[in-house]
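Engineer: When you get a sec, could you give me coordinates for this:
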Amino acid sequence: MDPKDIEVRLKDAIDLTEVHVTGENSHYQVIAVGEVFADLSRVKQQQLIYAPLQDKIADGSIHALTIKAYTPEKWRREKLLNMPG
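Structural biologist: Prediction:
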């Protein structure tokens with residue numbers, strides 16, 4: 001699965017300010033930024049990201065998914081350290 005396809009799925013399903021996906025061979029890293037994460041626990045944040053990808057996880061197109069979720073405010077502080085190269 002192409003990382004851009006994952007980005008589109010996430011943007012279509014969740015109100016995100018930014019989303020960055022890297023990876024290949026069914027292993028992907030997601031950085032998602034949105035106010036939607038503000039009052040959610042880490043588990044709830046991950047569940048929100050997993051939900052629109054569930055069918056691709058089930059069919060093996062996505063085997064491993066590393067998720068970092070930020071509010072826009074926190075992302076402004078963190079992005080210099082976490083932006084994919």
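Engineer: Okay, and the beta partners of the most centrally placed residue in the chain?
Structural biologist: Geometric centre of the chain, nearest residue: residue 30, 3.6 Å, by CA atoms, centre = their mean. For residue 30, the beta-bridge partners are residue 21, residue 67 (DSSP bridges).
Engineer: For it, give me the pLDDT.
Structural biologist: Residue 30 is assigned 97 on the pLDDT scale.
Engineer: That one contacts residue 14, doesn't it?
Structural biologist: No - Residue 30 lies out of contact with residue 14 (CB atoms under 8 Å); the separation is 10.9 Å. Every C-beta, even on glycine, is put in place using the N, C-alpha and C of the backbone.
Engineer: Between those two, which contacts overlap?
Structural biologist: Residues touching both residue 30 and residue 14 by CB atoms under 8 Å, 6 or more residues apart in numbering: residue 49.
Engineer: what bits of this protein have low per-residue confidence?
Structural biologist: 82-85 (pLDDT under 70).
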